[in-house]
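1. How does the following fold in three dimensions:
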Amino acid sequence: MRNDVRDAVSRFDVVIRNGTIYDGSGSAPFRGDVAIKDDLIAALGANLKKGTVEIDAGGLAVSPGFINMLSWGVESLIEDGRGESDLRQGVTLEVFGEGDSMGPLSDVMKADLLKRQGDIRYDIKWTTLGEYLEYLMERGVSPNVASFVGATTVRIHALGYEDRIASTGELAVMRELVRQAMEEGAVGLGSSLIYAPAFYAPTEELIELAKVVSKYDGLYISHIRSEGSRVLEAVDELIRTAREAKVRAEIYHLKVAGKSNWHRRDQVIAKIEAARREGLQITADMYPYAASGTGLDAIMPPWVQEGGHEEWVKRLKDPDMRRRVEEEMCTPTDEWENMYLGTGPENMLLTAFKSEKLKPMAGKTLAAVAVMRGKSPPQTAMDLVIEDDSRVGTIYFSMSEADVRRNAASPWVSLGSDAGCISPEGVFMKTLPHPRAYGTFARFLGKYVRDEKVATLEDAVRRLTSLPAGNLKLKQRGMLKAGYFADIVAFDPTKIRDHATFEKPAQYSTGVVHVFVNGVPVVKDGDHTSAKPGRVVRGPGWKGWI
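-> Predicted structure coming up:
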């Protein structure tokens with residue numbers, strides 16, 4: 001064999017040299033090289049042998065790719081598989097499933113999903129959650145993808161949108177659907193308990209479904225039943241579920257919403273840390289913004305939404321129902337999560353409409369639109385839902401910056417954007433996204449870690465990588481370690497920064513220089529390479545694991 005051929009065979013595919021390596025463990029960084037062969041990390045160290053491709057990472061931090069614990073890329077990745085808003089921040093794994101998942105779907109659910117589509121249109125060529133994830137991979141996506149199975153989804157599958165306790169037979173159907181999803185590779189069970197019809201599920205139902213997940217060593221993750229006046233009781237419900245189902249549990253986008261509730265922040269943290277000392281594996285994730293994003297359904301009582309979207313709209317057209325809804329929206333209560341009173345219409349920014357006629361209202365507050373129309377804010381909200389035939393995307397400025405900083409400093413809190421992975425072009429420019437879609441990870445590393453020093457960089461990297469990977473029980477991901485998949489990001493810790501604002505959200509973050517997914521470069525010198533090497537990442541219940 002000629003020397004040049006022998007050298008080529010012995011070489012690594014890529015060597016990233018002279019970087020400051022943050023391996024994801026939380027340990028102190030060290031200077032060195034990272035070598036890639038095929039889709040795996042082949043070696044770490046100093047003065048490694050040559051690679052076919054050599055990258056100088058001098059002055060850069062080199063770490064595992066970041067994990068987005070709450071992604072709504074389920075439709076945006078169908079439209080555009082690049083996922084650039086996240087990828088350019090170093091995200092290499094998108095995790096779906098906050099209450100709703102893209103499977104399992106019945107024929108009725110498929111028809112409803114087709115009817116409810118907005119600007120992004122697509123055929124539904126799958127039935128199960130596993131088939132949906134495979135569908136994404138076959139279309140081609142740049143990041144890896146994973147998903148929880150949605151507790152809301154299996155409830156709708158078994159008993160529709162009814163406000164009642166599931167029968168023994170219906171609960172058995174739900175448990176079986178969860179079991180099937182876990183064996184297809186779901187990483188656990190996700191719930192979103194402030195929304196109808198998830199709101200209708202009693203704690204006992206959630207515990208029974210979580211018991212199925214526990215058998216597969218999956219994670220129960222929840223948008224808890226209240227983030228406002230009953231947030232302490234909601235945390236207790238999650239802890240009870242973890243304890244009785246013997247399951248690991250996580251709180252989605254940890255927060256305390258509504259100024260009158262901000263004083264409960266320390267009590268929330270104390271409850272979680274007490275449960276952790278007890279031995280329960282309780283964690284949380286967050287986005288580093290003092291505003292949330294959801295729909296106008298979050299300001300209306302759950303009873304008016306029973307039966308699904310069409311029944312909700314039908315009730316909102318009834319004068320007597322409208323009067324009752326407005327009265328309940330304006331009345332303090334602990335019976336449901338009243339985000340109208342907790343936020344106020346002047347702090348509700350309308351952002352996403354289906355109707356071309358209504359799209360010009362994006363960027364205006366509910367209070368401002370109410371003045372324009374000469375109606376009360378509750379009546380205006382009901383009109384907008386009817387006219388747009390949608391929940392109407394809305395940003396709620398209801399959180400405390402002190403709360404954000406406290407959560408950003410907590411060692412058991414990872415990150416989730418709670419947004420799609422998008423780009424500032426095409427169909428994505430028809431709505432006004434929350435800036436978290438473009439800035440979550442860069443903002444955490446830049447504003448909170450570098451500038452405000454709420455955490456060390458090595459611990460911040462751990463919380464973006466090995467912490468969520470461990471919570472999800474992923475194999476060979478979340479660390480820079482020989483034999484692990486080569487999901488790698490090289491970024492400049494002195495320059496990483498978010499640029500997205502609420503006024504102009506469609507702006508990429510900067511400071512990430514290189515990103516690899518499964519050993520393939522997807523971001524090179526800050527730009528997307530057009531590569532789509534993303535794979536389905538499956539949880540511990542997958543029947544294909546050995």
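
2. Break this structure into its domains for me.
-> 67-290+399-473, 294-396 (automatic domain parsing).

3. Can you lay out those as JSON lines showing distance to Gly58?
-> In this view, the C-beta of every residue, glycine as well, is placed from N, C-alpha and C. Listed next are those as JSON lines, based on distance: least, C-beta to C-beta, whole Å:
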{"stretch": "domain 67-290+399-473", "distance to Gly58": "17"}
{"stretch": "domain 294-396", "distance to Gly58": "40"}
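
4. packing partners for the helix or strand harbouring Pro378?
-> Using DSSP states H and E, Pro378 sits in helix 377-388. Helices and strands touching helix 377-388, as assessed by 3 or more C-beta pairs under 8 Å, 6 or more residues apart in numbering; DSSP states H and E, comprise helix 309-316, helix 319-329, helix 339-343, helix 366-373.

5. please redo it, this time with the cut-off set to 6 Å
-> With contacts taken as 3 or more C-beta pairs under 6 Å, 6 or more residues apart in numbering; DSSP states H and E, helix 377-388 sits against helix 309-316, helix 319-329, helix 366-373.

6. now that helix, how far from the centre of its chain.
-> 28 Å (C-alpha atoms, centre = their mean, to the nearest Å).

7. That one: what's the following helix or strand?
-> Downstream of helix 377-388 (by DSSP H and E), the next one is strand 393-396.

8. Okay, now the sheet partners of that next one, with direction.
-> Strand 393-396 has the following sheet partners, assigned by DSSP bridges: strand 292-295 (antiparallel), strand 348-352 (antiparallel).

9. Give me the contact list for the last one.
-> By that I understand strand 348-352. Met361, Ala362, Lys364, Thr365, Leu366, Gly393, Thr394, Ile395, Tyr396, Thr431, Leu432 (C-beta atoms under 6 Å, 6 or more residues apart in numbering).

10. Might you quantify the distance of that strand from its chain's geometric centre?
-> Using C-alpha atoms, centre = their mean, the offset of strand 348-352 from its chain centre is 19 Å.

11. Give me the angle between it and helix 377-388.
-> 0 degrees (axes from the mean of the first three to the mean of the last three C-alpha atoms, to 10 degrees).

12. related to what we said a few turns ago, who touches the helix holding Pro378?
-> With C-beta under 6 Å, 6+ apart, helix 377-388 has contacts from 296, 313, 316, 322, 326, 329, 345, 353-355, 358, 366-367, 369-370, 373, 392.

13. Can you say which of these are buried?
-> Buried by 16 or more other C-beta atoms under 10 Å: 296, 313, 316, 322, 326, 329, 345, 353-354, 358, 366, 369-370, 392, out of the contacts of helix 377-388.

14. Sketch out the strands for the stretch 101-250 of the chain, chain order is fine.
-> Here the stretch 101-250 of the chain has its strands, by DSSP state E, counting those that start in this stretch, at 144-147, 149-150, 188-192, 219-223, 248-251.

15. So which elements touch the last one?
-> Applying 3+ C-beta pairs under 6 Å, 6+ apart, one finds that strand 248-251 makes contact with strand 219-223, strand 282-286.

16. Could you dump the ones you listed into a markdown table and include mean neighbour count and distance to Asp107?
-> Below are the helices and strands packed on strand 248-251 laid out as a markdown table (neighbours: other C-beta atoms under 10 Å; distance: least, C-beta to C-beta, whole Å):
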| stretch | mean neighbour count | distance to Asp107 |
| --- | --- | --- |
| strand 219-223 | 26 | 28 |
| strand 282-286 | 25 | 34 |
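
17. looking at the ones you listed, which is closest to Leu206?
-> Closest of the helices and strands packed on strand 248-251 to Leu206 is strand 219-223, at 7.8 Å (criterion: C-beta to C-beta).

18. Just checking: what are the partner strands of the closest one?
-> Per DSSP bridges, strand 219-223 is paired in its sheet with strand 188-192 (parallel), strand 248-251 (parallel).

19. Can you tell me what sits against the longest one?
-> Residues outside strand 188-192 that contact it (C-beta under 6 Å, 6+ apart) are 97-99, 148-151, 198, 209-210, 213, 218-223.

20. Just the buried subset of those, written out for ChimeraX, thanks.
-> To isolate the buried members of these in ChimeraX, using 16+ other C-beta under 10 Å:
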select :97,98,99,148,149,150,151,198,209,210,213,218,219,220,221,222,223
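
21. and the gap between the residue nearest to the spatial centre of the chain and Leu209?
-> Geometric centre of the chain, nearest residue: Leu70, 1.1 Å, by C-alpha atoms, centre = their mean. Per C-beta to C-beta, to the nearest Å, Leu70 is found 19 Å from Leu209.

22. same deal with Gly483?
-> Relative to Leu209, and taking C-beta to C-beta, Gly483 is found at 34 Å.

23. okay, Arg2: pLDDT?
-> Reported pLDDT at Arg2 in the predicted model: 39.

24. quick revisit: got the buried residues for the helix holding Pro378?
-> Neighbour count says helix 377-388 has Pro377, Pro378, Gln379, Thr380, Ala381, Met382, Asp383, Leu384, Val385, Asp388 buried, by 16+ other C-beta under 10 Å.

25. Which one of those is nearest to Ser229?
-> Pro378 (18.9 Å).

26. Put together a markdown table for the strands of the stretch 101-250 of the chain, with mean pLDDT and distance to Thr203 on each row.
-> A markdown table is the format used below for the strands of the stretch 101-250 of the chain (pLDDT from 0 to 100; distance: least, C-beta to C-beta, whole Å):
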| stretch | mean pLDDT | distance to Thr203 |
| --- | --- | --- |
| strand 144-147 | 98 | 24 |
| strand 149-150 | 98 | 17 |
| strand 188-192 | 98 | 11 |
| strand 219-223 | 98 | 11 |
| strand 248-251 | 99 | 13 |
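
27. In TSV: these, plus distance to Asp86.
-> As requested, those are arranged in TSV below (distance: least, C-beta to C-beta, whole Å):
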stretch	distance to Asp86
strand 144-147	11
strand 149-150	21
strand 188-192	19
strand 219-223	19
strand 248-251	19
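
28. Look up how far Phe441 lies from Glu452.
-> For Glu452, the distance to Phe441 - C-beta to C-beta - is 16 Å.

29. And Glu54, by the same measure?
-> 27 Å.

30. Between these two, tell me which one has more neighbours.
-> The neighbour count for Glu54 versus Phe441, taken as other C-beta atoms under 10 Å, is higher for Phe441 (30 against 12).

31. Local confidence estimate at the more buried one?
-> In this model, Phe441 carries a pLDDT of 99.

32. Nearest spatial neighbour of it, chain-adjacent residues omitted?
-> The shortest distance from Phe441 to any non-neighbouring residue, by C-beta to C-beta, 6 or more residues apart in numbering, is to Gln89 (4.1 Å).

33. what about that neighbour, helix or strand, and which?
-> Per DSSP H and E, there is no helix or strand for Gln89.

34. Make CSV from the strands paired with strand 393-396 and add mean neighbour count and distance to Ala402 to it.
-> Formatted as CSV, these follow (neighbours: other C-beta under 10 Å; distance: least, C-beta to C-beta, whole Å):
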stretch, mean neighbour count, distance to Ala402
strand 292-295, 20, 16
strand 348-352, 24, 22
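
35. Could you export those strands as CSV, including mean pLDDT?
-> Shown next, in CSV, are the strands paired with strand 393-396 (pLDDT from 0 to 100):
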stretch, mean pLDDT
strand 292-295, 96
strand 348-352, 97
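
36. any chance of the ones you listed in CSV, with distance to Gly81 too?
-> Output for those, formatted as CSV (distance: least, C-beta to C-beta, whole Å):
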stretch, distance to Gly81
strand 292-295, 23
strand 348-352, 22
